[in-house]
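J.: Please work out how this folds:
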Amino acid sequence: MPETPTTAPAAEPRTGAADREFTVAERTQFQLVLRRFLQHRLAVGSLVVLALLVLLAYVGGALWVYDVGEFTPDKSDAPSLAHPFGTDAAGKDQFAQVLRGTQISLQIAVLVALFSTLVGTVWGAVAGYFGGLTDTIMMRVSDLVLTLPLLAVAAMLAHNFGGTWWLISLVIAGLYWAYVSRVARGVVLSLREKEYIEAARALGASDARIIFRHLVPNALGAIIVNATVLVALAILLETALSYLGFGSRPPDTSLGTLVSEAQTALTTRPWLFYFPGLFIILIALTINFIGDGLRDALDPQQTKVRS
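T.: All right, here's what the predicted structure looks like:
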């Protein structure tokens with residue numbers, strides 16, 4: 001009887017290095033932006049310093065032994081353990097004053113950035129989307145605001161309508177929104193002819209939906225970077241207004257007000273001038289470096305999602 005041919009067992013697949021499969025985890029746009037920002041060491045360090053300043057101003061101010069309006073028997077004392085930033089001629093603790101001034105200056109800067117960004121983004125997006133006569137008229141208004149002498153107009157408005165920190169914020173924001181509008185308009189002009197905008201129009205989307213649902217979100221990168229710059233500019237302009245006597249008025253105070261009040265004591269009690277000035281410099285520099293990091297992280301040439 002003939003033998004039945006036997007089939008050779010199938011060879012097991014080799015699992016060498018060449019046959020291994022590798023998977024790359026998908027990264028979202030936010031993860032890519034965060035990773036690029038964290039690679040910017042100066043921006044990350046500035047963010048840490050700014051966070052510490054904010055914590056010191058709000059948490060430290062609440063826990064500090066002296067109140068901002070409290071008078072002590074130590075008058076015109078130099079910096080010491082009891083008074084780290086010294087005291088003024090009335091016996092007020094300068095450390096408490098600087099912490100309160102930092103709070104007010106940060107509140108002014110944030111409100112200016114929010115209001116200017118909101119108004120400027122809507123104004124520029126509408127102008128860039130509709131174009132034509134609408135764009136011409138709206139941008140001429142923005143150009144008119146941009147041609148105004150910033151410090152002089154701000155001083156005049158602050159003198160007539162200022163006094164409290166939020167009124168000062170509205171005065172400054174009313175002069176800075178035009179900068180944001182130019183940025184928003186430029187980005188929207190480059191986006192409005194994209195395929196997804198044409199598709200939205202073909203599907204019957206309203207102009208408002210196209211602007212606020214499709215154009216503005218895709219322009220946020222440049223707008224956010226511009227908003228960080230506005231924070232630093234607002235603090236510097238408020239400082240200039242306070243130095244000229246048009247800033248926050250008692251009982252409110254700010255870093256600019258403290259610098260203005262200490263200019264006459266620069267030679268006799270320099271700590272009254274240098275400490276608020278140092279805080280102004282630190283806040284302005286850290287915000288500028290954070291803005292640089294955000295600009296690099298939101299670079300439109302590096303926005304592809306890796307998978």
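J.: Let me see the ranges of the helices in the stretch 201-307 of the chain.
T.: In chain order, the stretch 201-307 of the chain shows helices spanning 207-209, 216-218, 220-243, 255-262, 271-297, with DSSP state H, counting those that start in this stretch as the criterion.
J.: residues contacting the spatially most central residue of the chain?
T.: Nearest to the mean C-alpha position of the chain, by CA atoms, centre = their mean, lies Thr228 at 2.6 Å. Listed by CB atoms under 8 Å, 6 or more residues apart in numbering, the contact set of Thr228 reads Ala113, Ile287, Asn288, Ile290, Gly291, Leu294. Backbone N, C-alpha and C define where each C-beta goes, glycine included.
J.: switch the cut-off to 10 Å
T.: By CB atoms under 10 Å, 6 or more residues apart in numbering, the residues touching Thr228 are Ala113, Thr117, Ile287, Asn288, Phe289, Ile290, Gly291, Asp292, Gly293, Leu294, Arg295.
J.: just how off-centre is stretch 219-226 within its chain?
T.: For stretch 219-226, the separation from the chain centroid amounts to 10 Å (computed by CA atoms, centre = their mean, to the nearest Å).
J.: and of the helices of the stretch 201-307 of the chain, who's closest to Gln94?
T.: Taking CB to CB, helix 271-297 is the member of the helices of the stretch 201-307 of the chain nearest to Gln94, at 6.1 Å.
J.: List the buried residues of the closest one.
T.: For helix 271-297, a neighbour-count test (16 or more other CB atoms under 10 Å) marks 271-277, 279-280, 282-284, 286-297 as buried.
J.: quick one: it to helix 220-243, angle?
T.: Taking axes from the mean of the first three to the mean of the last three CA atoms, to 10 degrees, one finds helix 271-297 and helix 220-243 inclined to each other by 170 degrees.
J.: I'd like to know which elements helix 271-297 is packed against.
T.: The criterion is 3 or more CB pairs under 10 Å, 6 or more residues apart in numbering; DSSP states H and E, and the helices and strands that helix 271-297 contacts are helix 29-38, helix 41-55, helix 94-130, helix 220-243, helix 255-262.
J.: Toward the C-terminus, what is the element adjacent to the third one?
T.: Heading C-terminal from helix 94-130, the first helix or strand you meet, by DSSP states H and E, is helix 132-147.
J.: now the second one
T.: Sequence order places helix 61-63 as the next helix or strand after helix 41-55, per DSSP H and E.
J.: Any buried residues in that following helix, and which?
T.: Gly61.
J.: in this structure, what spans have low per-residue confidence?
T.: Regions of the chain meeting the criterion pLDDT under 70 cover residues 1-26, 162-163, 299-307.
J.: quick one: Ala89 and Thr72 touch, right?
T.: No. Using CB atoms under 10 Å, Ala89 is not in contact with Thr72; the gap is 11.8 Å.
J.: more crowded one of those two?
T.: Remark: of Ala89 and Thr72, Thr72 carries more neighbours, 16 against 11, as counted by other CB atoms under 10 Å.
J.: Skipping adjacent residues, who's closest to that one in space?
T.: Leaving aside its chain neighbours, Thr72 sits nearest to Gly91 (4.5 Å; criterion: CB to CB, 6 or more residues apart in numbering).
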